[in-house]
Structures are given as structure tokens and as C-alpha cells.
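Novice: Following is a predicted model, sequence given first.
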Amino acid sequence: MNELLVASIIHAVVGGILIGIASSLMLVFNGRVTGIAGIYNGILSFVKKDTAWRVAFVLGLVTSGIIGFRLFPELFINQSGRSLVAIVVAGLLVGFGTVLGSGCTSGHGVCGIARLSIRSLVATLAFMASGFLAASIFEYYF
């Protein structure tokens, strides 16, 4: 088997395990689902009183990304060949999709399906179908 494919599979499995562990710990110790869209929305709403942990969580995500980039810059190479503008537009579309889907893949896909939520299963299937469609259109036209 191709060495790059094996490494990619290993990285995906390890990453999935770490996401599962982190989400489980968040639920067990804080009683909260790890839905990034909900966490971020809670920061922006200014209505909720529990913004401190939300800000700390988002800062932790950003900081860990920066640390990862500093320690392993070779893992952060833009292999898609897409411009920065295309990547930013794609990110904004994902953000818009989280509003339409009433949540994100981490909330619905990781936590919701694990809790056997039919709503989350349907949302995740819609996310996946939309993602495949958007990627196909983007690849063909751009």
C-alpha cells in the first residue's frame, strides 16, 4: 500500500480518536456537548452568562493550531492548490451552513450521532451530501 495513504489513514484514525476522547471528556466533566457553532454563537450573543469557558475553548483551538503550525509546519502545506480567497470563501460558506443547519459537524456529527439523535443523523447526512456536491461543483468550475 502507498506509504502516504497509510500515513493518511493513521492520522485520520488518531485524530478521530482524539476528537472522540475530547468530546467525551467535555460531556462527562462539563455536561456540555462539544458543538463549535454553539460555543462560538454563545460568545457572540452576549446574552449568556457563561462566556468565559467558551472564550477559553475557542482560544485553546486557535492556540493549539498555532502551536501545531510552529512545531510541524510541513503538515500545514496548502496541498489543494486553491488560492487563499477560495479557502476563505469556502470557510464562510461552511459558517453560513452551520447557521442553516442549526449546528455544525462537531455538534451533530460527533456528539449528536453518539447520543443516537435522529435530528443529528439527518443533519450530518445533509452536511455530507452538501459537502460532496459543493466540492464537485467547486472542482469542476473553479
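Specialist: Received the coordinates, thanks.
Novice: Work out the gap between the helix ranked longest in the chain and the centre of the chain.
Specialist: Using DSSP state H, we find that the single longest helix of the chain is helix 3-30. Helix 3-30 sits 12 Å away from the centroid of its parent chain (Cα atoms, centre = their mean, to the nearest Å).
Novice: list the buried ones in that helix?
Specialist: Ser23, Met26 (16 or more other Cβ atoms under 10 Å). C-beta here means a position set from N, CA and C on the backbone, and glycine is covered the same way.
Novice: Show me what it packs onto, helices and strands only.
Specialist: Helix 3-30 is packed against no helix or strand, with contacts defined by 3 or more Cβ pairs under 8 Å, 6 or more residues apart in numbering; DSSP states H and E.
Novice: pLDDT on that helix, on average?
Specialist: Mean pLDDT, helix 3-30: 88.
Novice: and the next element down the chain from it?
Specialist: As assigned by DSSP states H and E, the chain's next helix or strand after helix 3-30 is helix 36-45.
Novice: buried ones in that next one?
Specialist: For helix 36-45, a neighbour-count test (16+ other Cβ under 10 Å) marks Ile36, Ala37, Gly38, Ile39, Tyr40, Asn41, Gly42 as buried.
Novice: and if you look at stretch 91-108?
Specialist: Buried residues in stretch 91-108 (16+ other Cβ under 10 Å): Val94, Gly97, Thr98, Gly101, Gly103, Cys104, Thr105, Ser106, Gly107, His108.
Novice: ok, now stretch 66-76?
Specialist: Per 16+ other Cβ under 10 Å, stretch 66-76 contains no buried residues.
Novice: picking that back up, how about the buried residues of stretch 91-108 in JSON lines, adding distance to Phe138, secondary structure and pLDDT?
Specialist: As requested, the buried residues of stretch 91-108 are exported to JSON lines (distance: Cβ to Cβ, whole Å; DSSP: H, G, I helix; E, B strand; the rest coil; pLDDT from 0 to 100):
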{"residue": "Val94", "distance to Phe138": "12", "secondary structure": "helix", "pLDDT": "82"}
{"residue": "Gly97", "distance to Phe138": "14", "secondary structure": "helix", "pLDDT": "81"}
{"residue": "Thr98", "distance to Phe138": "18", "secondary structure": "helix", "pLDDT": "81"}
{"residue": "Gly101", "distance to Phe138": "19", "secondary structure": "coil", "pLDDT": "77"}
{"residue": "Gly103", "distance to Phe138": "23", "secondary structure": "coil", "pLDDT": "82"}
{"residue": "Cys104", "distance to Phe138": "20", "secondary structure": "coil", "pLDDT": "82"}
{"residue": "Thr105", "distance to Phe138": "18", "secondary structure": "helix", "pLDDT": "79"}
{"residue": "Ser106", "distance to Phe138": "22", "secondary structure": "helix", "pLDDT": "80"}
{"residue": "Gly107", "distance to Phe138": "24", "secondary structure": "helix", "pLDDT": "84"}
{"residue": "His108", "distance to Phe138": "22", "secondary structure": "helix", "pLDDT": "86"}
